[in-house]
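**Student:** Take this sequence and fold it.
(chains A and B)
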Amino acid sequence: MNDVFQIAGKTYQSRLIVGTGKYKDFAQTRAAVDESGAEIVTVAIRRVNIGQDASQPSLLDALPPSQYTYLPNTAGCYNAEDAVRTLRLARELLDGHKLVKLEVLGDPNTLYPNVRETLKAAETLVKDGFDVMVYTSDDPIIAKELEQIGCCAIMPLASLIGSGMGILNPWNLRLIIDSANVPVLIDAGVGTASDAAVAMELGCDGILMNTAIAGAQDPIRMARAMKLAVQAGRDAFLAGRVPRKLYSADPSSPTSGLIAAK
Amino acid sequence: MIQISINGAAREFAESLSVSQLIVELELTGKRIAIERNGEIVPKSEHASTQLLDGDVLEMVVAVGGG
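**Tutor:** Next up is the predicted model:
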């Protein structure tokens, strides 16, 4: 089956991208990422903790960048300037790495994206040679603008970051998917495996999640569930679902050859 | 004596030092970090040749778990 998933010219087998935050320790992070089958992992950029034990392992030891595609994010940035600065540092940190996740937040309570600043940052980053996967609202017009700016993937939220509320507006997501010429990935809001399957059945190209796995009671098992759900949802999308028949049934068994009624 | 701000905290050093020397001083040798000096990134290739001055403001970052 020819079903290629490409981001910024590189082909991936897995359509699941996972974050690396909120795990108990690096061993659990690694185990969950491996179980999820993800090839792209999201990381945050933060100040070095000066004075800490220099022999302590780092995330880069647990998940070597040689084995995974890193997707540095701008989590915690509330304006374009901070986001661009963060990703330039990430590029230096990761030896010229260009694939990044842009997210510019608008409010600390909802973590809802600030679209105006997101557009501004995306323009700067694209001009600066970055491959920008962009987190945004589920607004089809903004999604198209971000695509026209040159973002390599559009990542609308399913619901608020870390909320686990699932897909609140499948109709908008479908509008975005139908008009997009770049991959559309759900980013934020997935709560459990069925949410991931539904997103993929809608036609999303992939899903990015963190809390749904790391926050589960058994993160490793949930990572496997998510891998399977993404695969199942993708297969269901490609297979083509039966049309919904409202107010009428359609038996699967033959209607002829019934034994005679007494 | 020079004073440098590193990740928001003031630190004093007996004399001027290069970025490479600072990395050794902070026991960060071999760690994958990125450094910004007064708002400009200092590429790894320039760590040895970049001399830090009194009043410099540095940001040193690393990749951590996040989503």
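
**Student:** May I have the longest strand along chain B as CSV, with CA atoms only?
**Tutor:** In chain B, with assignment by DSSP state E, the single longest strand is strand B:57-65. Taking C-alpha atoms only, strand B:57-65 is exported to CSV below (Å, rounded to 0.1, in the frame of the first residue of the first chain):
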residue,chain,number,x,y,z
VAL,B,57,24.5,38.8,29.8
LEU,B,58,24.5,35.1,28.9
GLU,B,59,21.7,32.6,28.3
MET,B,60,22.7,29.0,28.3
VAL,B,61,20.1,26.5,27.2
VAL,B,62,19.6,22.8,26.8
ALA,B,63,16.9,20.5,25.5
VAL,B,64,14.5,19.2,28.1
GLY,B,65,11.4,17.1,28.1
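
**Student:** That strand: partners in the sheet, and parallel or antiparallel?
**Tutor:** Its sheet considered, strand B:57-65 pairs with strand A:40-47 (antiparallel), strand B:2-6 (parallel), strand B:34-37 (antiparallel) by DSSP bridges.

**Student:** Residues of chain B that sit close to chain A?
**Tutor:** B:6-9, B:26-29, B:31-36, B:41, B:43-44, B:59-67 (Cβ under 8 Å from any Cβ of the partner chain). The way it works is simple: take the backbone N, C-alpha and C, and place the C-beta from them, glycine included.

**Student:** Mind checking which of these are buried?
**Tutor:** B:6, B:26, B:28, B:31-36, B:41, B:44, B:59-67 (16 or more other Cβ atoms under 10 Å in any protein chain shown).

**Student:** How about the residues of chain A by chain B?
**Tutor:** A:18-23, A:29, A:42-48, A:50-51, A:54, A:58-60, A:70, A:72-73, A:75, A:85, A:88-90, A:92-94, A:161, A:208-211, A:214.

**Student:** and the residues you listed, which of them are in helices?
**Tutor:** A:T29, A:L59, A:L60, A:R85, A:R88, A:L89, A:A90, A:E92, A:L93, A:T211, A:A214 (DSSP state H).

**Student:** hmm, which of the residues of chain A next to chain B are the buried ones?
**Tutor:** Buried members of those, scored by 16+ other Cβ under 10 Å, are A:18-23, A:29, A:42-46, A:48, A:59-60, A:70, A:72-73, A:75, A:85, A:88-90, A:92-94, A:161, A:208-211, A:214.

**Student:** In the stretch 151-262 of chain A, what residue spans correspond to helices?
**Tutor:** Ranges of helices in the stretch 151-262 of chain A, per DSSP state H, counting those that start in this stretch, are A:170-179, A:193-202, A:211-214, A:219-239.

**Student:** And the contacts of the first one?
**Tutor:** If you take Cβ atoms under 8 Å, 6 or more residues apart in numbering or on different chains as the criterion, helix A:170-179 is touched by A:138-140, A:143-144, A:154, A:156, A:158, A:167, A:184, A:186, A:198-199, A:202-204.

**Student:** Next, report how far it is displaced from the centre of its chain.
**Tutor:** A distance of 16 Å separates the centroid of the chain from that of helix A:170-179, by Cα atoms, centre = their mean, to the nearest Å.

**Student:** for the shortest one, same thing?
**Tutor:** Going by Cα atoms, centre = their mean, the spacing between the C-alpha centre of helix A:211-214 and its chain's C-alpha centre is 12 Å.

**Student:** pLDDT averaged over that helix, what's the number?
**Tutor:** Averaged over helix A:211-214, pLDDT sits at 96.

**Student:** in the sheet, who's paired with the residue sitting nearest the centre point of chain A?
**Tutor:** Among the residues of chain A, the one closest to the centroid is A:L208, at 1.8 Å (Cα atoms, centre = their mean). A:L208 has these beta-bridge partners by DSSP bridges: A:I17, A:D187.

**Student:** Contacts only, for it.
**Tutor:** A:I17, A:V18, A:G19, A:T42, A:K101, A:M155, A:L185, A:I186, A:D187, A:A188, B:G67.

**Student:** I'd like the residues you listed laid out as a markdown table, including distance to A:S248 and pLDDT.
**Tutor:** What follows is the contacts of A:L208, written out as a markdown table (distance: Cβ to Cβ, whole Å; pLDDT from 0 to 100):
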| residue | distance to A:S248 | pLDDT |
| --- | --- | --- |
| A:I17 | 41 | 98 |
| A:V18 | 42 | 97 |
| A:G19 | 44 | 96 |
| A:T42 | 46 | 97 |
| A:K101 | 45 | 98 |
| A:M155 | 38 | 98 |
| A:L185 | 36 | 98 |
| A:I186 | 32 | 97 |
| A:D187 | 38 | 95 |
| A:A188 | 38 | 94 |
| B:G67 | 44 | 90 |
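
**Student:** Reformat the residues you listed as a markdown table; add distance to B:G55.
**Tutor:** As requested, these are exported to a markdown table (distance: Cβ to Cβ, whole Å):
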| residue | distance to B:G55 |
| --- | --- |
| A:I17 | 42 |
| A:V18 | 42 |
| A:G19 | 38 |
| A:T42 | 36 |
| A:K101 | 34 |
| A:M155 | 41 |
| A:L185 | 44 |
| A:I186 | 47 |
| A:D187 | 41 |
| A:A188 | 41 |
| B:G67 | 37 |
